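J.: Give the three-dimensional model of this entry:
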Amino acid sequence: MKISVIICTHNPRRDYLVATLAGLCAQTLPTDQWEFLLIDNASEVGREPDADLGWHPGARLIREEKLGLTPARLRGIREAQGDLLVFVDDDNILDPDYLETAQRIAMEKPYLGSWSGQCRGRFDEEPPEWTRRYWGNLAIREFKEDRWSNLPRLADTMPCGAGLCVRREVAMHYLKLNESGQRGFQFDRTGDSLVSGGDNDLAGCACDLGMGVGLIAELGLAHLIPANRLTLDYLCRLAEGICFSGVLLDHSRGYAVNAPRLLRRSLDWGRSLLMDRRHAQVQRSFMRGWKRAIEFIKANDKPEKYK
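T.: You can find the predicted model right below:
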């Protein structure tokens, strides 16, 4: 089974990208069993990925001019030739056996269409303790046992974008949804936007095809996290973006989405007033994201109208 490793990057932080590539270079899976696509997503002049790819005979640097993680991923899918696609962020360091394990899982668990693994946080600075409850929003995830389901929006089994493995047919289904206009709204980040959800949409395409999604304990990677992602401002913006895109994704997949009733909104607001100031601000950010999404849905009654 041939693997395509895809990294999408925009104005990458050089030391992070170097560490990510070093992790790929150290993989135990021979390079003749996987190709490597580095997608430069409209990086600014002087901030393009300046990386030595000579260590991999199947490496390609591809420029995608349309800004956004979604267009970059779609370009990677179009260019990929593998049976299994592995999406790696430009701040991920894969464990040395990641690709070898992913290949084995693909053969041993044919019922899985998409999966990911452990995502351990590696912080530039010691993180403030109060931020711990939000580490999940930063894609930090550790667990002891494999778990899977065929439910595309079940948080306990939904893979994350860091190290996301998807079978080719799943990726092609996702590509078709986007090219047919059924995904006119970009659920992934564009520039400085913290809107997210594209990971879940891509992984969830496995369920559309009758396969499952899951988390594999043997798979592991380190997620490099700079200090500015642990500030209150960033975590609030991230919370709002996650909630906003999550509601829109549910709506686009046909789930009923209703605005919180007045009583629930009042209770949430009252609860936030009793919290620590920082937690209250994050809570209110989630609520703003929900409100924005409901207003957006009302203004765009059909998902294909999203712009």
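J.: Poorly predicted segments of the stretch 101-250 of the chain, please.
T.: The model of the stretch 101-250 of the chain has pLDDT under 70 over residues 184-187.
J.: could you redo the last one with a cut-off of 90?
T.: For the stretch 101-250 of the chain, applying pLDDT under 90 flags the ranges 151-155, 178, 180-200, 243-250.
J.: Can you show me the strands along it?
T.: Taking DSSP state E, counting those that start in this stretch as the test, the strands found in the stretch 101-250 of the chain are 112-123, 147-149, 164-167, 212-225.
J.: gap between the residue nearest to D50 when sequence neighbours are not counted and T101?
T.: Spatial nearest neighbour of D50, chain neighbours left out: R14 (7.0 Å); criterion: C-beta to C-beta, 6 or more residues apart in numbering. Heads up, the C-betas are built off the backbone N, CA and C, glycines and all. Look at R14 and T101: by C-beta to C-beta, to the nearest Å, they are 28 Å apart.
J.: what does V170 give?
T.: For V170 relative to T101 (C-beta to C-beta), the value is 19 Å.
J.: Excluding chain neighbours, what is closest to E64?
T.: R75 (4.3 Å).
J.: quick one, which of V170 and T101 is more surrounded?
T.: Using other C-beta atoms under 10 Å, the more surrounded residue of V170 and T101 is V170, with 26 against 20.
J.: Isn't the more buried one up against M211?
T.: Yes: with contacts counted by C-beta atoms under 8 Å, V170 reaches M211, the gap being 7.1 Å.
J.: shared neighbours of these two, anything?
T.: Between them, V170 and M211 share these contacting residues under C-beta atoms under 8 Å, 6 or more residues apart in numbering: 113-114.
J.: Send over stretch 112-132 as CSV, restricted to the C-alpha atoms.
T.: Extracted C-alpha coordinates of stretch 112-132, given in CSV (Å, rounded to 0.1, in the frame of the first residue of the first chain):
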residue,chain,number,x,y,z
LEU,A,112,-11.7,2.3,9.0
GLY,A,113,-11.8,5.0,6.5
SER,A,114,-10.0,7.7,8.5
TRP,A,115,-8.0,7.7,11.8
SER,A,116,-5.4,9.5,13.8
GLY,A,117,-3.4,8.9,17.0
GLN,A,118,-1.9,10.4,20.1
CYS,A,119,-1.1,14.1,19.9
ARG,A,120,1.3,15.2,22.6
GLY,A,121,1.8,18.9,23.3
ARG,A,122,5.4,20.2,23.2
PHE,A,123,5.4,23.8,24.4
ASP,A,124,7.9,26.5,23.7
GLU,A,125,7.3,27.7,27.3
GLU,A,126,5.8,26.2,30.4
PRO,A,127,2.0,26.6,29.9
PRO,A,128,-0.1,28.4,32.5
GLU,A,129,-2.1,25.8,34.5
TRP,A,130,-5.4,27.5,33.9
THR,A,131,-5.0,26.8,30.1
ARG,A,132,-5.0,23.0,30.6
